[in-house]
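J.: Compute the structure for the input listed below.
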Amino acid sequence: MKLKKKGFIILILAVIIAATAIWIAYCNVNIKINEITVKSNDLPKVFDGFRIAQISDLHNTEFGQDNEKLITLLKQTDADIIVITGDIVDSRKTDIEVALSFAEKTARIAPTYYVNGNHEARISGYETLKQGLIERGVTILENETAEIILENETVSLIGITDPSFPMKLVDDTMEQNVSYQLSNVVPGNDNYKILLAHRPEYFKTYAKNDVDLVFSGHAHGGQWRFFGIAVYAPGQGLLPRYTSGMIDDR
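T.: The predicted model follows:
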């Protein structure tokens, strides 16, 4: 009886492991549009209905040949601008041409803005990637601000370099260096300010630096998820808070 019971337990565990593997594989290839509405009294009324499509952490993945499936979905968003929030390449299997091909297509859909992530910091060909993006019409924001203007009303779009890039350190923590970058790039005006920053774990630091809305990636929706619950995300560890959707945590 004991052997039969042990065999049954092993069978159940094998089924659970197989089902989990199938679910993870499915989630890695399944894509859909998630729509989030942002409301703020600080946004100029002319921006009512302004649509931003965000793409993050592609890691050189292609959905369909030449990312046809992903590009088709992006077209359906009717975006006014597209933002790419880092890790467009994967440092372990880097293919710059795949990344550039995708970015070229997004730039044809809508003005596209890009900030780098930690995987870009790891590759030797980042300058090649960067130059290629510029040549394809993508605006790169490395501790810079772009202005989005509609009918004489302006929203500031800010982008910061991922803190894993070599930089002049002001402290021994990434968080302090993120704050330092923001203090030098966030404009001192009354514009509504949108920040593109790869890492969501520094959200409270972003909020302290006069930023109204943040677009981040890095967490992969919870890099490890079980039954819809985020178990682990890089930079946040177990049971991460900032993984997906919109969070107001000021």
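J.: ok, now which ones touch Lys93?
T.: Asn60 (CB atoms under 8 Å, 6 or more residues apart in numbering). Every residue, glycine included, has its C-beta placed from N, CA and C.
J.: Surely it is within a helix?
T.: No - using DSSP: H, G, I helix; E, B strand; the rest coil, the assignment for Lys93 is coil, not a helix.
J.: so how far is Gly125 from the closest residue in space to Val185 that isn't next to it in sequence?
T.: In this structure, Val185 finds its nearest non-sequential neighbour in Asn143, 4.7 Å apart by CB to CB, 6 or more residues apart in numbering. To Gly125, Asn143 is 21 Å away according to CB to CB, to the nearest Å.
J.: about what we covered before: what residues are up against the residue nearest to Val185?
T.: Here Asn143 is in contact with 159-161, 181, 184-185 (criterion: CB under 8 Å, 6+ apart).
J.: List the ones among these that fall in strands.
T.: Taking DSSP state E as the definition of strands, the contacts of Asn143 contribute Gly159.
J.: Going through the contacts of Asn143, which ones are buried?
T.: 159-161, 181, 185 (16 or more other CB atoms under 10 Å).
J.: The strand or helix carrying Lys75: what's the following helix or strand?
T.: Here Lys75 sits within helix 68-76, counting by DSSP states H and E. Downstream of helix 68-76, the first helix or strand assigned by DSSP H and E is strand 81-85.
J.: Report the rounded mean pLDDT for that next one.
T.: Summarised as a single mean, pLDDT over strand 81-85 is 98.
J.: now that strand: how far from the chain's centre is it?
T.: 9 Å (CA atoms, centre = their mean, to the nearest Å).
J.: What strands flank that strand, and is each parallel or antiparallel?
T.: Counting by DSSP bridges, the strands paired with strand 81-85 are strand 52-55 (parallel), strand 112-115 (parallel).
J.: what's the closest of those strands to Gln76?
T.: strand 52-55 (9.5 Å; CB to CB).
J.: Other residues contacting the closest one?
T.: Residues from elsewhere that reach strand 52-55, judged by CB under 8 Å, 6+ apart: 70, 74, 77, 79-85, 106, 110, 194, 215.
J.: Looking at the buried ones among the contacts of Asn143, which has the smallest pLDDT value?
T.: Within the buried ones among the contacts of Asn143, lowest confidence goes to Gln181 (89).
J.: Excluding covalently adjacent residues, which one is nearest to it?
T.: According to CB to CB, 6+ apart, the nearest residue to Gln181 is Ile160 (4.8 Å).
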